[in-house]
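In: generate a structure from the sequence data that follows.
(chains A and B)
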Amino acid sequence: MNVLVVSCNHHKAGVRLRERLAFPNSEKLQQAYHQWREVHPDSELVVLSTCNRVEIYAADERDDASVSFDDITQFISHFHNVPTDEFIDSVLAQSGVDAVSHLFQVACSIDSMVLGEPQIVNQVKEAYRVAQEHDACGPLTNVLFQHALKVSAQVRTETGLADGRVSIASVAVKDFGKSIFSRFDNKTVLVIGAGEMAEETLTYLKSEGASRIVVANRNRDRAERLAAQFHGEAVDYATLDDWLAKADVIVSTTGSSEILISKDRFAAARARSDCHPIFILDLAAPRDFDPAVASVDDNVFLYDIDALEETCNRNRQAREAEVQKAMAIIENQTQVFMQEIYHRATGPVIHRLREHWHDISRGELERLYRKLPNLDAEHRQAIESTIQRIVNKLLHPPLEALKDEAKAGTPEGLLHAIRRLFFFGEK
Amino acid sequence: MSFLAHVQIYCFLMSYVVSLIGEAWIVLRRQSKLGRVIVLAFAMAGFLAHTAYLLTRSRSAGLPPLLSSQQDWLLVLAWIGSLLYLVLLLTHRKMAHGLFMLPAILLLITVAIFASPHATGQLDQLALRRLGMFHAASLVLGIGAVVGAALSSLMYLLHHQRLRNRSGWIQKIRLPSLENLTAINRWMVVFSIPCLTIGMATGFILISWSRGLKGADSVPWTDPTIITTIVVWISMIVVLIRVLTSSHQTGKAVAQLSLLSGGFLLATMLGPMILSGAGNLSTFHSGSFDGKEDNGSDKSVDATPGAEATPDTQEVSP
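Out: The predicted structure is shown next:
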């Protein structure tokens, strides 16, 4: 069994690198799965790409699996046309139990920038769903991701990790938006993009009193759906520049792989406004706004996902006790999961051993019944029970030994010995 | 409560210093309820001592503090600031107003120590006293508003820095939103203009009136206080125009201008007060002006600390 993860996340890499390695939309993901399958047809793959992380989980049930960290980093490098040297020091590479624990931490939002944020569970679910859609999942990733989602639910239920202000949007609005504006009910909020993050941010802005909401999206239908949900207005994407000039708050969350609003474009829009204070929240990865937009004038306050880091660290310190509880659950569940996986590895051998011995006992019983055809049913039953007990007693020591060994990892040596001892001639 | 009659300036000065240290501790080190309680306790103690001191001074002079001396006049300004600080401390507990207001209060009290404790401009008629009171109150409110505008501008600039750069110790300070600070700044500037205008106009009337009674000729235009007041008034008019026509100006530019004019006001107002209190400058308000055009050399009258004016010869001291 082999589980690997290569992760480029907010802990080790800045948004500039993350956006270069991101898989921001379904087209890119489709290409990624297709390319991976061409090179590694037998290995399982799940790509998790969010604003804070780009993670590639590769797994293979075969013990002699050929996928390695180098394969994954090479794949990333070729796919994004980014030399390995430029990101190798900023990625985390883990395997086996560490990789499993990492996924559980991600799914439980322990590894998130905003501790306890609920979006990451949906993002993990979505990544898993997309991988299934592209036939990239297999027995190991299926069990792994399903278990991760269960652990996430358990942590949410049994700890206070998700209590209070826990979404990226809420932290951004509370810590930055409310430092700029004292109220939102007289502000024009422009939302570019109509995804989950846009919805989440609007939910929070709405609760802060935002009433004039404008949604601009390339897909007009999605813009209208989102606008209707928040009693806002969907506007033509072609009029985006007009709204850039009018808006007081801009939330941008598109899946664009290029910069959407350059400094010149924004400056041109800004020149048509009265230079009022403007709060721009760029939650997209890759970013939608050129960072140079912040220098257009002193009343432009542009924040990307990394700007929230310090606030999130304070949030993390305040919840340290809950983190400890969650980590204990994750540690325990990682062990449980690993044992299940190791048992899965020993399962075929145990099954084969049982079958083999029962076949032998059935064969011997048939020979006995042929020699003693006058045995009545009661005697036959007694003999069969005795034989069964003998077989079970003989099987017990090797099976217990396998179970014990499997707690610490796949018992390769023991499995090999059993194969050699009982299935003579098999490899 | 007789001990309140023995309160000295240093009592409340030190209380405010402790409050300021507490505020700085809370901001830079850690938030704690105990820290908040200590800050509040010392601020309240300082305010009570401050009030008692002003009442005692007023009682002994037989006039409201605004009319007794430059020193008391400055202390009234500091007292208003201290009252406002206490209100904000109780209503906006997590905001770091104290870091900005307490230094201004301490500065006013410190300058008051060096300012003349004696009155100027004899107000021996009831009508003159009333006009003097109106003049002093207008100027105190006007100058208080300018100081408020300067402080809100300073907060704005720091908050702006915090929001744009997102690093350093400034991150630890909690301040009102930029929108609120802009509104406070705007209203302070707008409020200061009529107050300063009324204060200045009534000042000229008072000078003309009192000089007429003495047989002197006209307003002493070369008096440092009069020059200062006119310059401050003009500068505030400039700020007001910029504030009211700031639709294409960033809040930062307006805040910088307000801070500059507020700092200018403090320097031009407090500087002459210290100099005249030390007897190095002759002004109409310091009690050293002789009723003729200022030649800058008369330092002999009423410059002795500790002397008290009698009700018959009360003087106005804005």
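In: what's the neighbour count on the residue nearest to residue B:13 when sequence neighbours are not counted?
Out: Spatial nearest neighbour of residue B:13, excluding adjacent residues (Cβ to Cβ, 6 or more residues apart in numbering or on different chains): residue B:109 at 5.1 Å. In this view, the C-beta of every residue, glycine as well, is placed from N, C-alpha and C. By the other Cβ atoms under 10 Å in any protein chain shown criterion, the neighbourhood of residue B:109 contains 25 residues.
In: quick check: which element contains residue B:109?
Out: helix B:98-114 (DSSP states H and E).
In: please work out the average pLDDT along the helix or strand just after that helix.
Out: Sequence-wise, the next helix or strand downstream of helix B:98-114 (DSSP H and E) is helix B:126-165. What helix B:126-165 shows for mean pLDDT is 85.
In: now do stretch B:189-205
Out: Stretch B:189-205 comes out at a mean pLDDT of 85.
In: just the pLDDT at the closest residue to residue B:97 other than its chain neighbours, thanks.
Out: Using Cβ to Cβ, 6+ apart and skipping residues adjacent in sequence, the residue nearest residue B:97 is residue B:88, 4.5 Å away. On pLDDT, residue B:88 comes in at 92.
In: how many residues are close by residue B:76?
Out: Other residues close to residue B:76 by other Cβ under 10 Å number 24.
In: what secondary structure does it sit in?
Out: Following DSSP: H, G, I helix; E, B strand; the rest coil, we place residue B:76 in the helix state.
In: pretty sure it contacts residue B:140?
Out: Yes. Counting by Cβ atoms under 8 Å, residue B:76 touches residue B:140, with 6.0 Å between them.
In: quick one: the strands in chain A?
Out: For chain A, strands defined by DSSP state E occupy the ranges A:2-9, A:44-49, A:53-60, A:92-95, A:188-192, A:212-216, A:233-235, A:249-252, A:278-282, A:300-304.
In: among the ones you listed, which is nearest residue B:114?
Out: Ranking the strands of chain A by distance to residue B:114, with Cβ to Cβ as the measure, places strand A:300-304 first at 42.9 Å.
In: now the residue nearest to residue B:97: which helix or strand?
Out: helix B:70-91.
In: okay, buried residues for that helix please.
Out: Residues of helix B:70-91 classed as buried by neighbour count (16 or more other Cβ atoms under 10 Å in any protein chain shown): B:70-82, B:85-86, B:89.
In: and that helix with helix B:126-165, angle?
Out: In terms of direction (axes from the mean of the first three to the mean of the last three Cα atoms, to 10 degrees), helix B:70-91 departs from helix B:126-165 by 50 degrees.
In: elements contacting helix B:70-91?
Out: helix B:33-61, helix B:65-68, helix B:98-114, helix B:126-165, helix B:251-277 (3 or more Cβ pairs under 8 Å, 6 or more residues apart in numbering or on different chains; DSSP states H and E).
In: you'd agree residue B:230 is in a helix?
Out: Yes. Counting by three-state DSSP, residue B:230 is part of a helix.
In: what pLDDT does it get?
Out: Looking at residue B:230, the pLDDT reads 79.
In: rewinding a little: contacts for the helix holding residue B:109 next, please.
Out: With contacts defined as Cβ atoms under 8 Å, 6 or more residues apart in numbering or on different chains, helix B:98-114 is touched by B:9, B:12-13, B:16-17, B:19-20, B:23-24, B:27, B:39, B:43, B:70-72, B:74-75, B:77-78, B:81-82, B:84-85, B:88-89, B:147, B:151, B:154-155, B:173, B:266, B:270, B:273-274, B:277-278.
In: CA atoms only: put it into CSV for me.
Out: Only the C-alpha atoms of helix B:98-114 are listed here, as CSV (Å, rounded to 0.1, in the frame of the first residue of the first chain):
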residue,chain,number,x,y,z
GLY,B,98,-6.2,56.6,25.3
LEU,B,99,-3.0,56.2,23.4
PHE,B,100,-3.8,59.3,21.4
MET,B,101,-6.0,61.3,23.8
LEU,B,102,-3.9,60.9,27.0
PRO,B,103,-0.6,62.3,25.5
ALA,B,104,-2.6,65.4,24.3
ILE,B,105,-4.2,65.8,27.8
LEU,B,106,-0.7,65.4,29.4
LEU,B,107,0.8,67.9,27.0
LEU,B,108,-1.9,70.5,27.9
ILE,B,109,-1.4,69.9,31.6
THR,B,110,2.4,70.1,31.3
VAL,B,111,2.1,73.4,29.4
ALA,B,112,-0.3,74.6,32.0
ILE,B,113,2.4,74.1,34.7
PHE,B,114,4.6,76.6,32.8
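In: which positions within that helix qualify as buried?
Out: Buried, per 16+ other Cβ under 10 Å, within helix B:98-114: B:98-102, B:104-114.
In: between helix B:33-61 and that helix, find me the angle.
Out: For helix B:98-114 against helix B:33-61, the angle by the same axes, to 10 degrees is 30 degrees.
In: I'd like the mean pLDDT over helix B:98-114, please.
Out: Helix B:98-114 comes out at a mean pLDDT of 91.
In: between helix B:251-277 and it, find me the angle.
Out: Helix B:98-114 and helix B:251-277 meet at an angle of 20 degrees, taking the same axes, to 10 degrees as the criterion.
In: look at residue 196 and say how many residues are nearby.
Out: You didn't say which chain, so I picked chain A. Per other Cβ under 10 Å, the neighbour tally for residue A:196 reads 13.
In: looking at chain B here, not the other one
Out: Neighbour count of residue B:196, defined by other Cβ under 10 Å: 23.
In: same check, this time on residue A:153
Out: Per other Cβ under 10 Å, the neighbour tally for residue A:153 reads 13.
In: tell me how far it lies from residue B:42.
Out: Here the criterion is Cβ to Cβ, to the nearest Å. By it, residue A:153 lies 51 Å from residue B:42.
In: list the residues that contact residue 198.
Out: Looking at chain A here, since you left the chain open. By Cβ under 8 Å, 6+ apart, the contact list for residue A:198 reads A:191, A:192, A:215, A:226, A:251, A:253.
In: that was the other one, I meant chain B.
Out: Residue B:198 sits next to B:134, B:135, B:138, B:142 when contact means Cβ under 8 Å, 6+ apart.
In: what is the burial count for the second one?
Out: By that I understand residue B:135. By other Cβ under 10 Å, 27 other residues sit near residue B:135.
In: which non-adjacent residue is nearest it?
Out: Residue nearest to residue B:135 in three dimensions, not counting chain neighbours: residue B:202, with 3.8 Å by Cβ to Cβ, 6+ apart.
In: likewise the third one?
Out: Beyond its immediate neighbours in the sequence, the residue positioned closest to residue B:138 (Cβ to Cβ, 6+ apart) is residue B:199, lying 3.6 Å away.
In: that neighbour: which element?
Out: According to DSSP H and E, residue B:199 maps onto helix B:178-214.
In: buried residues, that helix. List them.
Out: Neighbour-count burial for helix B:178-214 flags B:178-182, B:184-186, B:188-189, B:191-193, B:195-196, B:198-200, B:202-203, B:206-207, B:209-211 (criterion: 16+ other Cβ under 10 Å).
In: next, the angle strand A:278-282 makes with that helix.
Out: 160 degrees.
In: helix B:178-214 vs strand A:300-304, what angle?
Out: Calculated by the same axes, to 10 degrees, helix B:178-214 forms an angle of 150 degrees with strand A:300-304.
In: one step back: so what's the residue nearest to residue B:138 up against?
Out: If you count contacts by Cβ under 8 Å, 6+ apart, then residue B:199 has B:135, B:136, B:138, B:139, B:142, B:229, B:318 around it.
In: between the residues you listed, which sits nearest chain A?
Out: residue B:142 (26.3 Å; Cβ to the nearest Cβ).
In: state the number of residues packed around residue A:386.
Out: For residue A:386, the number of neighbouring residues by other Cβ under 10 Å comes to 10.
In: which one of the contacts of residue A:198 is nearest residue A:101?
Out: Closest approach to residue A:101 among the contacts of residue A:198 (Cβ to Cβ): residue A:253, at 29.8 Å.
In: my guess is the closest one contacts residue A:197. True?
Out: Yes. Residue A:253 is in contact with residue A:197 according to Cβ under 8 Å; the separation is 4.1 Å.
In: that's all I had, so thanks and see you.
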